[in-house]
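Student: Could you work out the structure for the sequence below:
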Amino acid sequence: MHERIRQLRKHLGLTLDQFGERIGLKKSVLSRMENGYSSPQEQTLRLICREFNVSYPWLKEGVGPMFPPQDPDDAVNRLMLGQDEFPKHVLRALAAMPPEGWDALRQLLPQLLSAWQQTDGKE
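Tutor: Numbering: from 1, shown residues only. Presented below is the predicted three-dimensional model:
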């Protein structure tokens, strides 16, 4: 498990200090975990999974992918927390768009942007 903690931290591009700050552990404690001198408590494993959206089976046993499959609605809701529903609907539609839809959007987008600029970006 200690190898996976190091692998996750490096994958995220975080130092020991940065990783530890996010989960409330000191650099020295994380270093001991990564080097196999100590084992994380269950609550620490759960916190790592929650904070970094890591798959618990992967972290604990090395089973499956590092990150669980993402539900586009969850990501949209996190990004748009507190916003009205319209932007959420737009982002959900974009996330579900098939490849051929992107070609149509590329053709339509310049017209939309031009119209928006003519109104000075006001609704």
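Student: next helix or strand past the lowest-mean-pLDDT helix or strand in the chain?
Tutor: In the chain, no helix or strand scores lower on mean pLDDT, DSSP states H and E than helix 72-79, which sits at a mean of 65. Next helix or strand after helix 72-79 toward the C-terminus (DSSP states H and E): helix 85-96.
Student: tell me the average confidence for that next one?
Tutor: In this model, helix 85-96 has a mean pLDDT of 79.
Student: List the buried residues of it.
Tutor: Of the residues in helix 85-96, 88, 91-92 count as buried by neighbour count, 16 or more other CB atoms under 10 Å. Bear in mind the C-beta positions are built from the backbone N, C-alpha and C, glycine included.
Student: Can you give me the distance of the residue nearest to the spatial centre of the chain to Lys27?
Tutor: The centroid of the chain falls nearest to Asn53 when counting by CA atoms, centre = their mean (6.5 Å). From Asn53 across to Lys27, the span is 22 Å (CB to CB, to the nearest Å).
Student: Same question for the residue nearest to the residue nearest to the centre of the chain when sequence neighbours are not counted, what's its three-state structure.
Tutor: Nearest non-adjacent residue to Asn53, counting by CB to CB, 6 or more residues apart in numbering: Phe67, 6.1 Å away. Judged by DSSP: H, G, I helix; E, B strand; the rest coil, the three-state class of Phe67 is coil.
Student: what do you get for Gln7?
Tutor: Per three-state DSSP, the secondary structure class of Gln7 is helix.
Student: Tell me which residues touch it, please.
Tutor: Counting by CB atoms under 8 Å, 6 or more residues apart in numbering, Gln7 makes contact with Met66.
Student: What score does it have for pLDDT?
Tutor: Listed pLDDT for Gln7 reads 95.
Student: can you check the one 10 residues further on too?
Tutor: Predicted confidence (pLDDT) for Asp17: 94.
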